[in-house]
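Engineer: Quick one, what's the 3D model for this:
(one chain, ligands or ions: 1)
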Amino acid sequence: MAGLGKRRPSRARSGVSGLQGRRTTRAHDAATTRSVEDGLIIERLAHDGRGLAHSADGKSQFVDGALPGERVETATHLTRQRYDEAHVRRVIEASPDRVAPPCVHYALCGGCDLQHLAIEAQRAHKLAVLPEMLARQGVELTQAPTLIATDDPHYRRRARLGVKVDAEGRVHLGFRARRSQRLVDIGDCTILVPTLNALLGPLHGHVATLDAPRQLGHLEMLESDQGVVLVLRQLKEHAADTRRWQAFAETHGLHLVRWLGRDTPALDWLTPRLELTYRLPGPGPGPGPGQGTETRDELTLGFAPGDFLQANAAVNRRMIETAMAWLGDIEGRSWLDLFAGVGNFSLALAAGGASVTAVEGNPAMVERLADNACVNGLEVSARQADLTTAGTIEALLSEHAPQAVLLDPPRAGAERVCQALVEHPVARILYVACDPATLSRDAARLVHGGYRIVRAAVADMFVHTSHLESMLLLEHPRRQWQPQGARPDG
Ligand SMILES: C[S@@+](CC[C@H](N)C(=O)[O-])C[C@H]1O[C@@H](n2cnc3c(N)ncnc32)[C@H](O)[C@@H]1O
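Structural biologist: I've put the predicted structure just below:
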């Protein structure tokens, strides 16, 4: 949902590449609504979850809320030279995959753009996106990706809520509307974990009692092992409102933090300071078939408000388990974990016996990563570096000569890192990505540079949205996959 963490990729990168025209016109719905007789037939879903059709003149139409096979009456809201962007006015013939969206705010909220599609079809769509995007870059997957998913639809453990005071002085709290900067008041969000969803109603009532709601930039809620943390973004101190927030936190059993100040906000605890943690699967044997209990040791990771945190805890755990299953025995292998955060993957690698150097750009997160390794009795060398600056990755590769690299970059991907990995090949690369478009671009560079893709998975991290997380395991045939110091086979 808009304002909930990671941003959407631009339309052009997410499946309409090559179609971007230069001239753009905002269309008036009334003037451009297609009549019932010439309703559009939707051919397929574009990568970003919109229905793709062609008008009689052959122009591409990207239609929000439309599904393959449907005949729909549309209204155009944006016209470009080579394609139009539209939304559904009326479904004339519905797809068998169309379902009633579970969320009451679905029609307005810009968050979950796929709730009208049955969950199995959402996942089939996501599984098709990665191979299609790779194919556009000239890379064929020899095996279909596997799916990493869980059954829990209430998954989101972190959410940012916008706050706005309207001309009449009414305070609004919620997420951005679809195709607009307008805020939609959200009283119930079905994708949030229940503890966060239960807070929405009380928060609405509370912000309406504040003396200075305009000093509030936004609110963030997150779930940790220690309970729910409410993070205020406050532009200026207001003593009476601060006391109101503290009373609210006490009533609802919340931990309360704020970022105070306009330009360089500082973090400040309004309830007793505490160390936040989340847990991950550890190296021990997992539960056997049919056993309901978790038998493996767990890893505990500390984090602070503002640190990167994977949005869906259960899918994050499955991704780490999948990665470790793919990698098999990593004991004694040297790894570079790039874009490491607070050690989400680094600790699992170290727990598996690998020798890990973890690189992260944010200095405070590097400190947390080092502490996290210590607390879990693991050895990880934590380094701060900006991986986009010239020479950084080359220096790291030459200093550490790793056998394998894990990378989990932000949406922009890791072009420079991948170029360096072509010039200085390693035996294995595990690429974790939140944007399939930049992943495909980078994977193409690696494959054309000599690597081959041996495993692929798509993780349904953001259920009911068109976002997908992907993982690729690549190997370089000319690099050895041996424990350090071991003699090569044969
Ligand atoms: C998608 S997150 C992944 C974090 C971690 N692997 C995890 O699973 O939680 C990307 C991480 O890259 C870091 N990052 C972003 N830009 C960076 C850069 N230029 N150099 C190094 N790290 C960067 C962010 O601070 C963030 O922690």
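Engineer: pLDDT weak spots in the stretch 151-300 of the chain?
Structural biologist: Within the stretch 151-300 of the chain, the ranges that satisfy pLDDT under 70 run 283-296.
Engineer: Same check on the stretch 1-150 of the chain?
Structural biologist: For the stretch 1-150 of the chain, the stretches flagged by pLDDT under 70 are 1-37.
Engineer: how about the strands in it?
Structural biologist: Ranges of strands in the stretch 1-150 of the chain, per DSSP state E, counting those that start in this stretch, are 24-25, 40-41, 44-45, 51-54, 60-64, 71-80, 83-93, 146-148.
Engineer: out of the ones you listed, nearest to the ligand?
Structural biologist: strand 146-148 (13.8 Å; Cβ to the nearest ligand atom). All C-beta spots, glycine's among them, are computed from the backbone N, C-alpha and C.
Engineer: Pull out the buried residues from that closest one.
Structural biologist: I148 (16 or more other Cβ atoms under 10 Å).
Engineer: after it comes which helix or strand?
Structural biologist: Following strand 146-148 in sequence order, the next helix or strand is strand 158-165 (DSSP states H and E).
Engineer: So what are the sheet partners of that following strand and their directions?
Structural biologist: strand 171-176 (antiparallel), strand 216-224 (antiparallel) (DSSP bridges).
Engineer: picking that back up, in a markdown table: the strands of the stretch 1-150 of the chain, plus distance to the ligand.
Structural biologist: Shown next, in a markdown table, are those (distance: least, Cβ to the nearest ligand atom, whole Å):
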| stretch | distance to the ligand |
| --- | --- |
| strand 24-25 | 30 |
| strand 40-41 | 37 |
| strand 44-45 | 25 |
| strand 51-54 | 29 |
| strand 60-64 | 27 |
| strand 71-80 | 30 |
| strand 83-93 | 28 |
| strand 146-148 | 14 |
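Engineer: what would these look like in TSV with distance to H476?
Structural biologist: Listed next are the strands of the stretch 1-150 of the chain as TSV, based on distance: least, Cβ to Cβ, whole Å:
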stretch	distance to H476
strand 24-25	44
strand 40-41	46
strand 44-45	34
strand 51-54	37
strand 60-64	38
strand 71-80	41
strand 83-93	39
strand 146-148	22
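Engineer: hmm, back to that, now render the strands paired with strand 158-165 as CSV, adding distance to the ligand and mean neighbour count.
Structural biologist: Listed next are the strands paired with strand 158-165 as CSV, based on distance: least, Cβ to the nearest ligand atom, whole Å; neighbours: other Cβ atoms under 10 Å:
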stretch, distance to the ligand, mean neighbour count
strand 171-176, 21, 22
strand 216-224, 14, 20
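Engineer: mind giving me JSON lines with those strands and columns for distance to L199?
Structural biologist: Listed next are the strands paired with strand 158-165 as JSON lines, based on distance: least, Cβ to Cβ, whole Å:
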{"stretch": "strand 171-176", "distance to L199": "11"}
{"stretch": "strand 216-224", "distance to L199": "6"}
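Engineer: Using PDB, write down the CA coordinates of the helix or strand hosting R258.
Structural biologist: Using DSSP H and E, R258 falls within strand 255-260. Coordinates of each C-alpha in strand 255-260 appear next as PDB, following Å, rounded to 0.1, in the frame of the first residue of the first chain:
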ATOM      1  CA  HIS A 255       6.300   1.400  23.300                       C
ATOM      2  CA  LEU A 256       6.500   5.000  22.100                       C
ATOM      3  CA  VAL A 257       9.300   6.600  20.100                       C
ATOM      4  CA  ARG A 258       9.500   9.800  18.100                       C
ATOM      5  CA  TRP A 259      11.600  11.400  15.400                       C
ATOM      6  CA  LEU A 260      11.600  15.000  16.600                       C
END
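Engineer: helices and strands around that strand, which ones?
Structural biologist: Strand 255-260 sits against strand 227-234, helix 239-252, strand 266-269, with contacts defined as 3 or more Cβ pairs under 8 Å, 6 or more residues apart in numbering; DSSP states H and E.
Engineer: So for the ligand, which of these sits nearest?
Structural biologist: Among these, strand 266-269 sits nearest to the ligand (Cβ to the nearest ligand atom), with 16.0 Å.
Engineer: show me where pLDDT drops low in the stretch 351-490 of the chain?
Structural biologist: Applying pLDDT under 70 to the stretch 351-490 of the chain picks out residues 483-490.
Engineer: Going along the chain, name the strands of it.
Structural biologist: Assigned strands in the stretch 351-490 of the chain, in chain order: 355-360, 380-384, 404-407, 428-433, 452-459, 469-475 (criterion: DSSP E, counting those that start in this stretch).
Engineer: Those: which one's closest to D38?
Structural biologist: Nearest to D38 among those is strand 452-459 (36.0 Å), distances taken as Cβ to Cβ.
Engineer: from the middle of its chain, how far away would that closest one be?
Structural biologist: Centroid separation for strand 452-459 versus its chain: 18 Å, with Cα atoms, centre = their mean, to the nearest Å.
Engineer: could you check the angle strand 428-433 makes with it?
Structural biologist: 30 degrees (axes from the mean of the first three to the mean of the last three Cα atoms, to 10 degrees).
Engineer: rewinding a little: pull the residues that contact the strand holding R258.
Structural biologist: With contact meaning Cβ atoms under 8 Å, 6 or more residues apart in numbering, strand 255-260 is reached by 226-234, 236-237, 245-246, 249, 265-271, 274, 276, 305-306.
Engineer: in the longest helix that the chain contains, what's buried?
Structural biologist: What stands out as the longest helix in the chain, according to DSSP state H, is helix 119-136. For helix 119-136, the neighbour count (16+ other Cβ under 10 Å) marks 119, 121-123, 125-131, 133-134, 136 as buried.
Engineer: likewise stretch 258-276?
Structural biologist: Neighbour counts over stretch 258-276 (16+ other Cβ under 10 Å) mark R258, W259, L260, D268, L270, T271, L276 as buried.
Engineer: tell me which of the residues you listed is nearest to the ligand?
Structural biologist: Nearest to the ligand among the buried residues of stretch 258-276, counting by Cβ to the nearest ligand atom, is L276 at 13.9 Å.
Engineer: For that closest one, which non-adjacent residue is closest in space?
Structural biologist: Nearest non-adjacent residue to L276, counting by Cβ to Cβ, 6 or more residues apart in numbering: S224, 4.2 Å away.
Engineer: beta partners for that neighbour?
Structural biologist: With DSSP bridges as the criterion, S224 is bridged to G227.
Engineer: which residues sit in contact with it?
Structural biologist: L276, T277, Y278, F303.
Engineer: Among those residues, which are located in strands?
Structural biologist: L276, T277, Y278, F303 (DSSP state E).
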